[in-house]
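**Student:** What shape does this take:
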Amino acid sequence: MQRESTYVLIVGGSLVGSSAALFLAHHGVPAILVERHPGSSAHPRAIGYTPRTMELLASVGLGSRIPEAPRNFRLARARVESLAGEWFEHSHWTPSKPEHFVKKEFSPSAGAAIAQDRMEPILRERANELGADIRMSTELVDFTSDADGVTARVRTRQGSEYTIHAAYMIAADGGKSPVREQLGIGHKGRGHMRTVRSVLFRAPLDSYLERGVHQFEIDQPDFKAFLTTYTDGRWILMFSDDQQRCEAALRNSIVKAIGRTDLDIEIITTGRWELGALVAEQFSKGRVFLAGDAAHCLPPTRGGYGANTGIHDAHNLAWKLAAVFAGTSTPALLETYDAERRPVAWTRHQQIFARPDYKEHLQPGTTADPIIDDEAMELGQLYRSSAVSGAGSDLPEAKCPDEWQGQPGTRAQHLALEQSGTPRSTLDLFGHDWVLLSEDARWSAPAANVSKQLGIAIQFIHVGKAIQLEDPQAFQTAFGVSASGASLVRPDGHVAWRAAERPTAAETPETVLLDVMKGITHAAIKIAVDAVP
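**Tutor:** Below is the predicted model of the structure:
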């Protein structure tokens, strides 16, 4: 049997698997992706992508390829008799915020509303451009994992089989993940709630979106359903029962939901899926990592926790695999994937049942958690692991970005700046190498020396010189340092460590930075070099 080799094998080519291939290719990591289907699902599924997701995609060159939603767009839902009938009430995902708060720009990116079957080809195309090997119509048959790696047997749609040996494997193979099952990893959470049937159709209904409402609870005495749009002419009607319907019955239901009989309706496809919420008890085992629905099944919400959480999984894991591939970190760094991403998934699981959409599905005898603000959930969740220095257990799971003020373990804040005369964001500085930011030029030599000693690229950014902030006073507040302090940002844009002040002569900046970098990167090598003057 033919045998191939790669560094990372990705199983599953939907949003999360394609994102994993993209982020790994961005870091120059050899990867093969296998997906049993020839293309994207006819049922588009996800549509909403959050500002953080758009930040991550922009960092790998997709900023101009994905149309963004209007800034400060707030997704609204209405309870209606039908689209053309009486509208009873409407509500937003979270309560309105004071005007001064709304005007804050926590991100240079807005969210995006693009159907999953439109998004996936964009991800795969960019991954291919960067060197990923994506193999559609190829399914995983079985695999074995040991101390030397993972050996997988795969089969093409034509029936030919071959093996792929990889150092590591990412399972992005869905909520019923065969890989997770084979690994014997259990899960916990709310569990199954109900089975949902749906019909995807096309109809000229855009005029009903003019009020800013995109989701509709159909409430009739003899008919309850949920209707939403993919904003491209396609709509999906979800039923409140698990009843199979013939085409005539489907059309009748669509007409009842619309409230009109004079429109052309094209039925595209139907669907049946399990609505539930579960989080895996561990996100990795040996050399295999779970990502996306394989790690956490989170039901569709107005917070967009499902697909977005999975894409963020892939981004977190990619730079760590890249560091191990480059030989600058030991495999111990990979253990921080579970430590960082599983608490995030669990917090999002809890927040789903704190919000109105699913509050009624709380398990008996449990109390809903307090609602965490959207900006905090999306841009202010905290990582705690050995790849972060200074994120204690006493800190909350999430806060609004400006409240963190550069806390290690949080996403480095967005600040508007100018570089070489071009408007940019501090987020544009991150995404590939380690970055040390300071207003004090004396951190430059220590960064260069430590970089050479460890063989890890550390870019020093002299704030106020190399970059000019729109608000010169903002850096110290946003990053929690003084004029002589420094902030160390990881390749994924999260703060790894900070020095509020420049260390004293007894403890040199280079010594401190070296010790910190060795600890949080799990450095694998140390090269003796002459000091940089």
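**Student:** can you give me the strands in the stretch 101-250 of the chain?
**Tutor:** Taking DSSP state E, counting those that start in this stretch to define them, one finds strands in the stretch 101-250 of the chain at 112-113, 133-136, 138-146, 149-156, 161-171, 187-202, 213-220, 223-229, 234-239.
**Student:** so what secondary structure elements neighbour the third one?
**Tutor:** The reference is to strand 138-146. strand 31-35, strand 149-156, strand 161-171, helix 178-183 (3 or more C-beta pairs under 8 Å, 6 or more residues apart in numbering; DSSP states H and E). Yep, even glycine has a C-beta here, placed from its N, CA and C like the rest.
**Student:** I'd like to know the average pLDDT value across stretch 252-263.
**Tutor:** Mean pLDDT, computed over stretch 252-263, is 93.
**Student:** How far does it sit from its chain's centre?
**Tutor:** Offset of stretch 252-263 from its chain centre (C-alpha atoms, centre = their mean, to the nearest Å): 37 Å.
**Student:** quick one: terminal-to-terminal distance for it?
**Tutor:** 12 Å (C-alpha to C-alpha, to the nearest Å).
**Student:** Show me what residue 461 is bridged to.
**Tutor:** residue 437 (DSSP bridges).
**Student:** and it, how many neighbours?
**Tutor:** Neighbour count of residue 461, defined by other C-beta atoms under 10 Å: 22.
**Student:** The chain should start at 56 in everything you say after this.
**Tutor:** Yes, from this point I'll number from 56; that puts the last item at residue 516.
**Student:** surely it meets residue 523?
**Tutor:** No: Residue 516 lies out of contact with residue 523 (C-beta atoms under 8 Å); the separation is 11.6 Å.
**Student:** returning to that earlier point: using TSV, lay out the strands of the stretch 156-305 of the chain together with mean neighbour count.
**Tutor:** Formatted as TSV, the strands of the stretch 156-305 of the chain follow (neighbours: other C-beta atoms under 10 Å):
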stretch	mean neighbour count
strand 167-168	19
strand 188-191	18
strand 193-201	16
strand 204-211	19
strand 216-226	21
strand 242-257	17
strand 268-275	19
strand 278-284	18
strand 289-294	20
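**Student:** Which of those strands sits closest to residue 339?
**Tutor:** The closest of the strands of the stretch 156-305 of the chain to residue 339 is strand 216-226. By C-beta to C-beta, the value is 9.3 Å.
**Student:** Direction included, what does that closest one pair against?
**Tutor:** strand 58-66 (parallel), strand 204-211 (antiparallel), strand 343-345 (parallel).
**Student:** tell me the mean pLDDT for that strand?
**Tutor:** Mean predicted lDDT for strand 216-226 stands at 98.
**Student:** what's the angle from that strand to strand 193-201?
**Tutor:** Using axes from the mean of the first three to the mean of the last three C-alpha atoms, to 10 degrees, the direction of strand 216-226 lies 70 degrees away from that of strand 193-201.
**Student:** what angle sits between strand 216-226 and strand 86-90?
**Tutor:** Between strand 216-226 and strand 86-90, the angle formed by their directions is 100 degrees, by the same axes, to 10 degrees.
**Student:** tell me how far strand 216-226 is from the chain's mean position?
**Tutor:** Centre-to-centre, strand 216-226 and its host chain are 24 Å apart (C-alpha atoms, centre = their mean).
**Student:** Identify the residues contacting it?
**Tutor:** Outside of strand 216-226, the residues within contact range by C-beta atoms under 8 Å, 6 or more residues apart in numbering are 56-67, 72, 75, 87, 89, 196, 198, 200, 204-210, 232, 234-235, 342-346, 349, 369, 372, 376, 380, 389.
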